[in-house]
Structure formats: C-alpha cells, structure tokens
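S.K.: got a structure for you, letters missing:
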C-alpha cells in the first residue's frame, strides 16, 4: 500500500506564516518583504495553494518513513468474538448476566511477562438493540503469540457499587486504552457511560486484573471548568522500553491526546489527574481536525496510546468518513485508521499526516455486525516479537489484529 502525506506545516491561509512555541501552539510571525509580496500576490489567485506547494513545502523524509504502518492481516478472522456462555453475577442488578453475549470489540493491549495481554469491551444482551444501549464491561485475554487468546471467564472491570457507579451505570465502561507506568503499574483510560453523559475515566492496577478507579480525568482541573464536559478517547503518550511501551514524560510532564470531533491535548504530573492544554482563548487546543474528501472527513478520534519516536510522536487515530464530503472510495460513515506525526518536543505541533488510511474495513467481519458501515477501530498497539501488532474493533462486534514490521525506536531522553 502506498501512502500520500499531507504536509500540515502549511497554513490554512495563504497570507500568514506560522511559528510554534514550545507547546506547538501556532502564532503569526513577520515575513520578509520578498516572501510577503509573493504570498500576497498568490493569495489573489485561485491557484494559490498550488503555488505554495511548490515554493513553501519543507524538506521531508522519504515518503511515509515515520509511520508505524502500513498494516497487513496475519489472519483473516477475529481473534476475540462474543461468547454467550460466559456469565457473571452483576453487583448492580444482583443477578447473573451473559456479559459478553452480543459483542466483543475495541481492545487495549500491553506486553507483560512475555505475552500480549488485552482488555476488550464486551456487551451483554440487556437493553434495546441499539449502539450504546447494552451494558459494557471489560474482559481480559492473554496470548503467547499475539494471535490466539486465552480468556478469563468473567470481566475484570465493570460498573459496581462504588464511587463511580453514578457515572457508569447502566451504560457501563467502554473503549479502554492501556499504558504501563515507569513504576511497572498500569494506567487505564476508558469511557464512563451512564446513558446520559460520558467522560474519560482513569483507573490503575498492578496486575491488569484488580483495579482502583480514580474518576474522571479532568475532574477539578482549571477550577472545575471541565467537570461537566462530555469527552472520551484518551491515549497517553508512550515510548518503547525494551519489550514494552511505557508512558513517557516530555518537558517534565505526561501527555495525553484525547477527544473525537477534534483531537486535543492534556498534561499530567502523575498519570491520574489531567489538565487540558488550552489555546489563547482558554479553549482546549485542537491539534487534529477533519478534512474534506478524506477518510477522516467526518471527524478524527484518538486511537491507541501514541508512540514517541526520534521522528516525532506517532498518533494512530480513527477517522470517520463523511457520507457526503468524504472519500468516495471508502464506505459512507466507515471508520478507518490513519497516522499523524507531531513534534517530539512540542506535542501540539502537527508535522505530517497520512491522507490515506493505514487500515480500513475490507474483510466481511469488518463490514457486518452492529455497525454496518464498517470499522477497523484501532485502540491497542504493542511491539511484540519484532513486529507491531495493532488490535482493533470490527464493526463494533469483534476484535481483530493487524501487523507491521515498522520501525523500532528507542526511548530517547525524557
């Protein structure tokens, strides 16, 4: 598969050059008289963008050399599928439920003790037959080869009679992302969904089975400014350490890309309490937006935890294809995975972006199920046995895996 790169360093306006501060937030800068005259002249003509493409594109690395993909499928079947035999005594209903009877999808993944370990979203057979109207819990699976999994018979993470129950019941806990902390513990970001509102929840564990919930990621941030915000999909920046990805500090802080519709940033000192990065107007800074005519023309949404590399921060994200203004080669409303590259020292500064997906719905199990438009919704990424394994949800119904030889980067300086 070939990649076509959009060079995001170009301004949306033909008349303004941009610089970035240390956080990568963009500001206008003065231009030399000669260059300004050229831009002003070009701005009056309809072929301005073509002219700027010729005169102002920065030198780039070989096409796609920074990407983790492209990805191929090592097997053309799901690796985790629903199991109506699995039962669980639910503490809210005080009854036995078939907790993974309908759908198993949107997985997180880490490497631990020489195996790939996955948390996956599982939906029971309660509620109405609509997306988001069943109760979700997180199941646990492990694999010695990354392809064939052993599953625990009961969920390891779920809405319970605890301090987060009002935020998590009856919708449940959804769409996990996992990172390992420098101390060897694990941090989970997930969606808290009570069928009225939603937020990114944070939980921690030492063994991936027993969890402590910390509540919403932004609770109390900026004096409570974000306490009632609806937000989801948080991926904490990692770097490769030996055989595993580990949360990485940049400029003394941890960073998280978050959101759907547009992708934003937040920082943390402890991986639990997060503060959104704001623009000059006091709004969450937008670092990745939708593009007409592309696979992400509907909106972008954060995928698995991003990876800090010597080339930059690689963010694998999920793009929804707009039914009218989207990529007509891709199905209307389909979700496909792309990649974006951000400055390794300034996480808000977008450098490059793939204009074609690195993984898109092709197989029948990716196009049939609960979400009939099709999804390859990426949420889990590991480096395992000298290859990258990307775990993704198929049509909101099952879990599959794709692989890439990709590059292997060291952790670099904190």
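M.R.: Now that the structure is in, tell me what you want to look at. Since the structure is predicted, the reported quantities are computational estimates derived from the model, not experimental observations.
S.K.: show me the helices in the stretch 151-300 of the chain, by range?
M.R.: 165-168 (DSSP state H, counting those that start in this stretch).
S.K.: find the nearest non-adjacent residue to residue 253, please.
M.R.: Leaving aside its sequence neighbours, residue 253 sits nearest to residue 267 (CB to CB, 6 or more residues apart in numbering; 4.4 Å). Where C-beta positions appear, they are placed from N, C-alpha and C, glycine not excepted.
S.K.: who are the contact partners of the one you found?
M.R.: By CB atoms under 8 Å, 6 or more residues apart in numbering, the residues touching residue 267 are 253, 254, 255, 256, 274, 275, 277.
S.K.: hey, what's the second one bridged with?
M.R.: Counting by DSSP bridges, residue 254 is bridged to residue 249, residue 268.
S.K.: residues near it, how many?
M.R.: Neighbours of residue 254 under the rule other CB atoms under 10 Å: 23.
S.K.: residue 147 too?
M.R.: Counted with other CB under 10 Å, residue 147 comes out at 14.
S.K.: just the one 3 residues further on next, same as before
M.R.: With neighbours defined by other CB under 10 Å, the count for residue 150 comes to 10.
S.K.: show the residue spans covered by the strands in the stretch 51-200 of the chain.
M.R.: Along the stretch 51-200 of the chain, the segments classed as strands by DSSP state E, counting those that start in this stretch run 88-90, 95-97, 103-112, 115-123, 136-143, 150-151, 172-180, 186-193, 198-205.
S.K.: make sure residue 161 is actually in contact with residue 92.
M.R.: Yes. If you go by CB atoms under 8 Å, residue 161 and residue 92 touch, sitting 6.9 Å apart.
S.K.: these two - which one has more neighbours?
M.R.: residue 92 (16 against 9).
S.K.: so who does the residue nearest to that one when sequence neighbours are not counted touch?
M.R.: Closest residue in space to residue 92, ignoring its immediate chain neighbours: residue 169 at 5.3 Å, by CB to CB, 6+ apart. Counting by CB under 8 Å, 6+ apart, residue 169 touches 92, 135, 159, 194.
S.K.: measure the second one to residue 229 for me?
M.R.: Between residue 135 and residue 229 the distance, using CB to CB, to the nearest Å, works out to 24 Å.
S.K.: so if I had to pick from the two, which one is more boxed in?
M.R.: The neighbour count for residue 135 versus residue 229, taken as other CB under 10 Å, is higher for residue 135 (26 against 15).
S.K.: low-confidence ranges, the stretch 201-350 of the chain, go.
M.R.: The stretch 201-350 of the chain contains no residues with pLDDT under 70.
S.K.: please, where are all the strands along it?
M.R.: For the stretch 201-350 of the chain, the strands defined by DSSP E, counting those that start in this stretch occupy 211-216, 234-236, 238-241, 244-247, 249-250, 253-258, 264-268, 274-276, 299-302, 307-308, 313-320, 335-342, 350-354.
S.K.: reformat those as TSV; add distance to residue 101.
M.R.: As requested, the strands of the stretch 201-350 of the chain are exported to TSV (distance: least, CB to CB, whole Å):
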stretch	distance to residue 101
strand 211-216	23
strand 234-236	28
strand 238-241	33
strand 244-247	32
strand 249-250	42
strand 253-258	31
strand 264-268	35
strand 274-276	34
strand 299-302	26
strand 307-308	35
strand 313-320	25
strand 335-342	24
strand 350-354	37
